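[1] For reference, the sequence and a predicted model appear below.
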Amino acid sequence: MTQTPAPSLADLRQEIDRIDAGMHKLLMERGDIIDKLIAIKRSQASGSAFRPGREASMMREIVGRHHGILPVDIVESIWRVIIATFTHVQAPYTVHGDISLGNAAMRDVARFHFGFVVPYETHDDAGDVIHALSHSRGDLGLVPVAAPGAWWRALEGETAPKIIARLPFVERADHPAALPTYVLSKPIDEPPSSSDVRLVSAVLPVAPAKLPQGWSVPAHAGAALLVALHPGQTAVALAEALPAGTSLEPIGSHALAFVLPKAGG
Ligand SMILES: O=C(O)C(=O)C[C@]1(C(=O)O)C=C[C@@H](O)C=C1
């Protein structure tokens, strides 16, 4: 029986060149599709190209089907950069990062999720980020969930910026840009789906001795709570669980995080 000879280094490099050319061609083809999409989106009311629900479901699909020796970190980061860059091609925007919990961690979040083509500006606190968004056309803000003070109160009111996503989309141990971060923008034309987490600013008459049981409170400061309503939970039930005189204001929503099990775990 004749054995097929093992491929040479030159053969394998030829294969790599063929694959790279194919990937490059597909990316250019993706650009042609985005070009057509721009025309459709221009005719819609909102000036913003972001569709955070669509982005979250794409990331879920991509990371969910991945296997092989290429680390999932790189797959997530490549597609984040592709999507963020094609969004920028549709309508230019700047990412504003709140560095109150550290410059390096926020820069990693911004670069991992938005790449290097999208301009990145830093601000000393969440208030400055929200102010910058209010005066922009379609910029994005990044605020750490644990940023100091009741920063989310500046998101109350119909025309104020809102939370539209939570990063990282894909949660796993040792994520390279792990700082839990909210993405903010001016209100967008995408109603939350029934499987999204809706965020509420609750202001109690006095600071509570302990946080309400059975509710997710990602952040709190004095009498102000940022409450995350998970699918099935309602603002009416939350109001009943909190003291009389509490005010509740919607401040955005985000997709449920996709939790990736630990490799081998
Ligand atoms: O699907 C869209 O609406 C797009 O604009 C395309 C795209 C992408 O590049 O895949 C870009 C921006 C959106 O946030 C979601 C996805």
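    Great, that's in hand.
[2] Those residues of the protein touching the ligand, which are they?
    Proximity of the chain to the ligand is confined to 37, 49-51, 54-55, 83, 86-87, 90 under the rule C-beta under 6 Å from any ligand atom. For the C-beta atoms, the positions are set from N, CA and C on the backbone; glycine is no exception.
[3] go with 5 Å
    Within reach of the ligand by C-beta under 5 Å from any ligand atom, the chain has these residues: 50-51, 54-55, 83, 86-87.
[4] Which ChimeraX command selects the buried ones in those?
    In ChimeraX, this line selects whichever of the residues of the chain next to the ligand come out buried by 16 or more other C-beta atoms under 10 Å:
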select :50,51,55,83,86,87
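[5] I'd like the residues of the chain next to the ligand written out as CSV, with pLDDT and distance to P148 added.
    Output for the residues of the chain next to the ligand, formatted as CSV (pLDDT from 0 to 100; distance: C-beta to C-beta, whole Å):
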residue, pLDDT, distance to P148
F50, 88, 27
R51, 90, 31
R54, 93, 32
E55, 94, 28
I83, 97, 31
F86, 95, 34
T87, 94, 30
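[6] E61: which element?
    Assigned by DSSP states H and E, E61 belongs to helix 52-65.
[7] so how far is the first residue of stretch 156-171 from its last?
    End-to-end distance for stretch 156-171: 28 Å, by C-alpha to C-alpha, to the nearest Å.
[8] how far is that stretch from where the chain is centred?
    8 Å (C-alpha atoms, centre = their mean, to the nearest Å).
[9] So which bits of it are buried?
    By neighbour count on 16+ other C-beta under 10 Å, the buried set for stretch 156-171 is 156, 160-170.
[10] still on that earlier bit, identify each buried residue in the next helix or strand after the helix holding E61, please.
    Going down the chain from helix 52-65, the next helix or strand is helix 72-90, by DSSP H and E. Residues of helix 72-90 classed as buried: 72-73, 75-77, 79-81, 83-88, 90 (neighbour count, 16+ other C-beta under 10 Å).
[11] likewise stretch 112-119?
    Buried, per 16+ other C-beta under 10 Å, within stretch 112-119: 112-115, 118.
[12] Looking at these, which are in helices?
    Of those, the ones assigned to helices by DSSP state H are 112-114.
[13] would a markdown table of those with pLDDT be doable?
    Below are those laid out as a markdown table (pLDDT from 0 to 100):
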| residue | pLDDT |
| --- | --- |
| F112 | 97 |
| H113 | 97 |
| F114 | 97 |
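[14] Assign R166 to helix, strand or coil.
    Under DSSP: H, G, I helix; E, B strand; the rest coil, the three-state class of R166 is strand.
[15] and it, what does it touch?
    145, 180-183, 197, 254-255, 257 (C-beta atoms under 8 Å, 6 or more residues apart in numbering).
[16] let's see it at 7 Å
    R166 makes contacts with 182, 254, 257, as judged by C-beta atoms under 7 Å, 6 or more residues apart in numbering.
[17] Helices of the stretch 101-250 of the chain, residue ranges please.
    103-114, 126-134, 235-241 (DSSP state H, counting those that start in this stretch).
[18] check contacts around A244.
    Here A244 is in contact with no residue (C-beta under 7 Å, 6+ apart).
[19] Equivalent analysis for the one 10 residues further on, please.
    Residues touching H254, when contacts are defined by C-beta under 7 Å, 6+ apart, comprise 163-166, 196-197.
[20] Output the contacting helices and strands for whichever strand or helix holds I34.
    Taking DSSP H and E as the definition, I34 sits inside helix 9-42. Applying 3 or more C-beta pairs under 7 Å, 6 or more residues apart in numbering; DSSP states H and E, we find helix 9-42 packed against helix 72-90.
[21] H131 - how many residues pack around it?
    H131 is flanked by 16 other residues according to other C-beta atoms under 10 Å.
[22] Let me fix that, I meant to ask about L242.
    A count of neighbours around L242, defined by other C-beta under 10 Å, yields 20.
[23] still on that earlier bit, can I get the contacts of H254 in TSV with pLDDT?
    TSV is the format used below for those (pLDDT from 0 to 100):
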residue	pLDDT
I163	97
I164	96
A165	96
R166	97
D196	94
V197	97
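[24] Just the closest of those to M23, please.
    A165 (26.7 Å; C-beta to C-beta).
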